[in-house]
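> Quick one, what's the 3D model for this:
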Amino acid sequence: MRIVVDRELCQGHAVCQDEAPELFEVPRRGPVRVLRADPGDRLEAARTAVRYCPTQALSIVEE
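Here you go, the predicted structure:
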């Protein structure tokens with residue numbers, strides 16, 4: 001599994017960072033940065049971040 005960000009949709013609301021700070025970092029300016037593309041043992045936190053992203057900029061894909 002891998003976390004994917006659509007940087008065109010991301011508006012930097014930082015909901016993902018609030019839900020999973022070990023996976024996401026949102027700078028003051030610019031889109032989210034994925035700290036770990038493979039969520040590993042934090043998969044449920046990653047799913048929560050994807051679910052609550054206000055712009056639906058995040059997704060998890062199976063490889």
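> and the closest residue to residue 62 other than its chain neighbours, what does it touch?
Once its chain neighbours are removed from consideration, residue 62 has its nearest residue in residue 1; the separation is 5.6 Å (C-beta to C-beta, 6 or more residues apart in numbering). From N, CA and C alone the C-beta is placed, and that goes for glycine too. By C-beta atoms under 8 Å, 6 or more residues apart in numbering, the contact set of residue 1 is 38, 39, 43, 60, 61, 62, 63.
> any idea how far residue 1 is from residue 61?
Distance from residue 1 to residue 61, counting by C-beta to C-beta, to the nearest Å: 7 Å.
> same check, this time on residue 28
Distance from residue 28 to residue 61, by C-beta to C-beta: 28 Å.
> try residue 44
Using C-beta to C-beta, residue 44 is found at 16 Å from residue 61.
> Have a look at the two and say which one is more surrounded.
For residue 44 versus residue 61, the count of surrounding residues by other C-beta atoms under 10 Å is larger for residue 44: 11 against 8.
> Which residues are in contact with the more buried one?
Contacts for residue 44 (C-beta under 8 Å, 6+ apart) come out as none.
> sec struct for it, please.
Under DSSP: H, G, I helix; E, B strand; the rest coil, the three-state class of residue 44 is helix.
> Based on its surroundings, how many neighbours for the nearest residue to residue 46 once chain neighbours are set aside?
Using C-beta to C-beta, 6+ apart and skipping residues adjacent in sequence, the residue nearest residue 46 is residue 39, 3.9 Å away. Other residues near residue 39 number 21, with proximity taken as other C-beta under 10 Å.
> and what of the one 10 residues further on?
The burial count assigned to residue 49 is 24, neighbours taken as other C-beta under 10 Å.
> thinking residue 19 is in contact with residue 45, fair?
Yes. Taking contact to mean C-beta atoms under 8 Å, the distance of 6.0 Å between residue 19 and residue 45 places them in contact.
> Cool, thanks, talk later.
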